[in-house]
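Student: Attaching a predicted model along with its sequence, questions to come.
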Amino acid sequence: MKLFVSEGNPHCLKVLAALEVTGAPCDVQYVNHDETVVPFLSRPALPALLLPSGLHLFSPNAICQYLFEVKGQESSDLCSQWLEWEATDLQPALLQALHMAVLQGKASNLPKFLQGPLNYLDQGLSKRDTTYLTGEAVSLADVVLWAALYPVLSEPSLALGEGKSVKAWFGRVAATHGFQSAAQKVLQGKGLQGMKSYMQRQPSRQSSQCRDTQPCNSSPAECEEGERVVSEEEMQAAALTWSKGLNTCPVITDRQHPILPQEGKRNILLTSALPYVNNVPHLGNIIGCVLSADVFSRYGRLRGWNLLFVCGTDEYGTATENKAREEGLTPQQICDKYHAVHACIYEWFQIDFDFFGRTTTEKQTEIAQNIFWRLHKHGFLVEDTVEQLRCESCQRFLADRFVEGTCPHCSYPEARGDQCDKCGRLINAVELREPQCKVCRQTPVVRSSKHLFLDLPKLEPQLEQWLDRSTSTGDWTANAKQITRSWLRDGLKPRCITRDLKWGTPVPHPDFKEKVFYVWFDAPIGYLSITANYTDQWEKWWKNPSQVELYNFMAKDNVPFHSVVFPCSLLGAQDNYTLVSHLVATEYLNYEDTKFSKSRGVGVFGDMAKDTGIPSDVWRFYLLYVRPEGQDSAFSWADMATKNNSELLNNLGNFINRAGMFVTKFFEGCVPPMELQQEDKKLLALVSWELQQYIQLMDKVKIRDALKHILNISRHGNQYIQVNEPWKKIKGGDAERQRAGTVTGVSVNIACLLSGMLLPYMPTVSQTIRDQLNAPQSCHNAMFEGTGTFVCTLRAGHRIGTVSPLFQKLEVDQIEALKKRFGGQQMTAQSAASTPPAAVPAPAAPADEVAMVNAVDPEKAKQLTQAVTEQGEKVRALKAQKAEKAVVTAEVAKLLDLKKQLAAAEGKNTEPAPQKNKKK
Amino acid sequence: MALRELSSLEKYLELKKPNKYSTQGDKKVPVLQNNNGAPLVGLVTIARHLVKEAKRTELLGDSAESRAVVHQWLEYRVTRLNGCTKDDIKTILKELNLYLQDKSYLAENQLTLADILMYYGIQPLIVDLAVQEKEQYVNVTRWFDHMQHYPGVRRHLPPVVVLRNRIYTGRHH
């Protein structure tokens, strides 16, 4: 047992005194105030006791209690009560008092803080009339309270006016053997000044603020830093840049297709993972690849990079064949149908592809087969046989999901070809007993089939060499690097690239006709073929690694195919292919507290977003605001409404609208002349700094973090307007009117800057702001030059357009309705908590209905809890006032009804059964 | 709030007849009028008293050491969680998260009063957490979920959905 204490720390007096009175054997070690003894606490906490078990006690009262117990003295209720009072009432008062007295030298203020607690103690003592707090001997309570009060009561000069009983009690306890020496050890006879270095390290707590009840979705804007200090040089530099205006900026040119790499430019080829054609993408898919890539490509164009953004639907594979069978169409018809669905969704989300293609094209066949032959020629393909089930009546080999049979492990009759839903074991389809083809119910036969494998182990040395270079020079997200490392660490195995399917790119080798390429081999080649469908000169992008930087955007599940498997195909082909330089992978986005599920209708899917009536730009904003960057995040309706109302409406929109309105109302729509003062220059410096941070982050594809700096700028702007009150100054004298003009002019220029910074995120809003301000098209490019320059783009005399509000409030009932409609709340803890389908062999639909019936609704329960509390208080108040019986009865009835509703919302029976029976 | 906690605790302890409580002061500190003696004041004090009354003293800890640990977390509960600011919440969750890294309960390997009152006190904080924060404080969340499913503990509180499901159910690769 070891006790850690520090000098000058009043809490240590408690434990040292307790040691004296109990004589418990214990090592005492003096350490510095800042020493971290208890590993899990955020701030150093002393005293601390290391228990024999290795656990730490960090509460001085708990330590004292322990020391007393070791000596056989248990604490009574009364003792426990004094200890609780000491911790909750006396300590906060003491902390404030000591802070005043020791650090601010205002000892005269002490009674203000301590009068109340000292009176309480005095009453407690005089009521009981015992020698000590709990009886006739010094107890735990006496030690703790005496030590706590020692610094203030032992100081004769303080004159706290404590009561007689307190005085007498304090004197008696102080006389306990060893207490004076304990006090000497801690305060060293220096009185209050002995605690100075300790107190300096304590956080001062002026008022006990109540916590903000807003949900704290860990959002970029909420982690605000304190006010940045702006230096004189920064201000001068910002003012100088500002004054340069648009004179020096280059003329922007419109995009001219086909975009091809150019000498001396930064040439960027940007791809977003190819969405699989027969699923309607949900919000997670959208933020994970296409939207993130779109923001970056828009940003890149603003930066003046020569950039090509391609994407398309991935159309081959079993799933498409399956879907075609379900819908009674051909695979090609399915692809045509769903390709259009995808294109339509992305158009609504304003995803500005240079080209949105598909993988079922001739170019795909041509390029995939070319890569195949080159791999073959260079000896990177190996042959092997695989045992597979074949259905003779359907004339095809069966993919795992097309077979059912009896589980070889548990005899469950409906095991699937890859896994048994009953026992959960993974199954190799050929092991199934009594297998059946799911389509025709015939018994398939085991056939061995020859396949080709990509020899990844042989390519591994080349791959590692390239990876080392790419990951060290490029911007790979942490998860991308980590997933890639773990694949390599586990060792690469040959991977089968052929399948016994019809719907795919045919394998050109005569020994493997009737087979197609496995989709993982084929799909990434889609990037090349889609580019080839965009321009005949596609090789200028794809076989040009020295001039082109390739960015791949995707969700993290797609990383290995882009960092290991596809690069191996391209390296093995030995054709000077452009390999990925920057691999940008997001984490996952959840829906409310669960995951998106098409089959259960939970979540918002791309085609439904537009039916919500919420503008595309607001969707983009919120998805980017919660972009799963670095960690998983969640889409939440309530949070979306909050962010729309607080960030877009009250912060950003409010600022831009006010700036424009001032110009319109006070200056007849013309930007007034600006005479920069110190305060304005400081604002320019603050805004420039935020702009530079934004550019630094965007260059590194930290899309979510960069958004924070846009919102910071409008926050600065709002504050600036609020402090300067141009609406008042405009009514004043000449000097004041001029000041109002400067503030308005600077503000409207910041609004113009914001329109540029917003462009990648909210293209429509950005354009609207520019239209409202009648801003020149070239203004953005000037701002995005180099590390970011905030110049005055709207000079004095510039006439702006018509200003109108940019955003609308999202109302609570509107959001509640949407939440209901998209199933966010029909999920109960039980049904959503990964109940494996194994437990419910029945079809999924009835299970969902059950979930609906027992729906637990925490949101509603919360409201009802509140209502019950309020109604309860009302009833009590009525009873206390001796109100009329009929009135009371009516209110009681209301209360009972509310309680019933609450029980229902909590998923309980109205008469709660004893929970004890519900053993797990 | 404190009164509701106490009545839930009474039910958990299966005390036959419910006690009458009042409150004192601005902070609404609970007071238990005791027939045979002075009233008891304070959430922790009353809760400890109830546990003794129900003869369930194992809930206060089985050894001197665990009794001290229980005491410590009860104190933490009433001094740190009551009326905490937004910054405090982060600190509290961080500290508990580290502490619970290798533990199922706050003290010993069994449920104690510290777990029960900490659960009652932290529930309003957990309700407000976003999914990613719940994942950030994964040990707290795990302990919390354990508590709300512990037979008989949850009582007056609505359950908080704690899920770690992921989307992107894997492509066809």
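Tutor: Structure received.
Student: Identify the residues contacting residue B:153.
Tutor: With contacts defined as Cβ atoms under 8 Å, 6 or more residues apart in numbering or on different chains, residue B:153 is in contact with B:12, B:111, B:115, B:116, B:119, B:147. C-betas here are computed from N, CA, C, even on glycine.
Student: same deal with residue A:180?
Tutor: residue A:174.
Student: For the one helix or strand it maps to, list every residue counted as buried.
Tutor: Using DSSP states H and E, residue A:180 maps to helix A:179-187. Of all the residues in helix A:179-187, those buried under the rule 16 or more other Cβ atoms under 10 Å in any protein chain shown are A:179, A:182, A:183, A:185, A:186, A:187.
Student: Just checking, which helix or strand succeeds that helix along the chain?
Tutor: helix A:196-200.
Student: So what touches that following helix?
Tutor: Counting by Cβ under 8 Å, 6+ apart, A:6, A:8, A:9, A:10, A:33, A:98, A:99, A:102, A:103 sit against helix A:196-200.
Student: Drop anything exposed from the residues you listed.
Tutor: Using 16+ other Cβ under 10 Å as the burial test, those include A:6, A:8, A:9, A:10, A:33, A:98, A:99, A:102 as buried.
Student: Farthest-apart pair in those residues, please.
Tutor: With distances taken as Cβ to Cβ, the most widely separated pair in the buried ones among the contacts of helix A:196-200 is A:6 and A:99, at 17.9 Å.
Student: Going along the chain, name the strands of chain B.
Tutor: B:21-24, B:29-32, B:40-41 (DSSP state E).
Student: okay, those, which one's buried deepest?
Tutor: strand B:40-41 (a mean of 22; mean count of other Cβ atoms under 10 Å in any protein chain shown).
Student: Now do that one: which elements does it pack against?
Tutor: Contact here means 3 or more Cβ pairs under 8 Å, 6 or more residues apart in numbering or on different chains; DSSP states H and E; on that basis strand B:40-41 packs against helix A:77-85, strand B:29-32.
Student: Tell me the strands beside the last one, with direction?
Tutor: Each strand that strand B:29-32 pairs with, and the sense of that pairing, follows from DSSP bridges: strand B:21-24 (antiparallel), strand B:40-41 (antiparallel).
Student: Now for the closest residue to residue B:53 other than its chain neighbours: which residues touch it?
Tutor: Leaving aside its sequence neighbours, residue B:53 sits nearest to residue B:15 (Cβ to Cβ, 6 or more residues apart in numbering or on different chains; 6.7 Å). Residues near residue B:15 by Cβ under 8 Å, 6+ apart: B:50, B:53, B:54.
Student: Rebuild those as JSON lines, extending it with neighbour count and distance to residue B:104.
Tutor: Below are the contacts of residue B:15 laid out as JSON lines (neighbours: other Cβ atoms under 10 Å in any protein chain shown; distance: Cβ to Cβ, whole Å):
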{"residue": "B:50", "neighbour count": "21", "distance to residue B:104": "24"}
{"residue": "B:53", "neighbour count": "12", "distance to residue B:104": "27"}
{"residue": "B:54", "neighbour count": "16", "distance to residue B:104": "23"}
